[in-house]
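>>> give the three-dimensional model of this entry:
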Amino acid sequence: MTLPLAVTVTDIAGNIADKPTLMAFEIDGQLYPEPEKTNSLLAKVFNYTAFEHGLVKIDDINLTFSDETGRAFKTLTAAELTQIELGMYHSMVQTYGPVIPLKAQYTGALTLTTAAATYRLLVYDTRAMPAIIAWLHAQKLTFTDPLNLAAETADFDWSKITEKQFGRWAKDTKYEEFYQTIGPKRMV
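Model prediction:
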């Protein structure tokens, strides 16, 4: 069964506390997803996203949220976080090619709860997960991890998650169902 997941893609500052929000993550100066480096006009057209996304900049104890225009609108400190959950959604996206028109897409999820609001942040680049996990450990923050993502070894390639691997992680969790999110398969 596919479950719909409404995602904030515009007016991020006004909607971030109400819906899951598509965000890029910058952690210790590294941006996830990295902008596509190509000079090919055709590649730029195929990888272009019409959907906006915000930015979460994480450094030491601060998380700074910026909207789709790049304007910072909220800063949280690690001390303000009362609950944290790490997760991942599984969906299918259209791909180009004559044989298999769909492929699996995995979307990292970081849910941050404060006394004032809950922020459900989504990142399409799963390579951000080890950096997020390292930051949580460095801050000595307690977090729930229903998929046990933090147990993955340092040599695990987060860009090559398989359906079988995800099935083992998600078994008997709320992440087991397919979700269909609006948004691109890749951001540039």
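
>>> use CA for all of it now, contacts and neighbours both
Noted.

>>> any chance you could map the strands in the chain?
With DSSP state E as the definition, the chain shows strands at residue ranges 2-5, 21-27, 30-32, 54-59, 62-66, 72-77, 83-94, 102-113, 118-123, 178-181.

>>> now the ones you listed as TSV including distance to Asn15 and mean pLDDT?
TSV is the format used below for the strands of the chain (distance: least, C-alpha to C-alpha, whole Å; pLDDT from 0 to 100):
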stretch	distance to Asn15	mean pLDDT
strand 2-5	14	62
strand 21-27	8	92
strand 30-32	22	93
strand 54-59	11	94
strand 62-66	12	96
strand 72-77	12	97
strand 83-94	19	88
strand 102-113	15	90
strand 118-123	10	95
strand 178-181	16	70
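
>>> got the contact list for Phe65?
For Phe65, the contact set (C-alpha atoms under 8 Å, 6 or more residues apart in numbering) comprises Gly54, Leu55, Val56, Lys57, Ala72, Phe73, Lys74, Thr75.

>>> and the longest helix for the chain?
Longest helix in the chain, counting residues (DSSP state H): helix 129-138.

>>> most centrally placed residue in this protein?
Centroid check for the chain by C-alpha atoms, centre = their mean gives Val123 as the closest residue, at 1.7 Å.

>>> roughly how far apart are the closest residue to it other than its chain neighbours and Leu81?
Excluding its sequence neighbours, the residue lying closest to Val123 (C-alpha to C-alpha, 6 or more residues apart in numbering) is Gly108, at 5.1 Å. Counting by C-alpha to C-alpha, to the nearest Å, the gap from Gly108 to Leu81 is 19 Å.

>>> who's more crowded, those two?
Gly108 (20 against 17; other C-alpha atoms under 10 Å).

>>> run through the bridge partners of that one.
Following DSSP bridges, Gly108 is listed with bridge partners Met88, Val123.

>>> OK, contacts around it?
Gly108 sits in contact with Leu86, Gly87, Met88, Tyr89, Leu122, Val123, Tyr124, Asp125, Thr126, Ala128, Met129, where contact means C-alpha under 8 Å, 6+ apart.

>>> can you flag the buried ones in those?
Buried residues within the contacts of Gly108, counting neighbours by 16 or more other C-alpha atoms under 10 Å: Leu86, Gly87, Met88, Tyr89, Leu122, Val123, Tyr124, Asp125, Thr126, Ala128, Met129.
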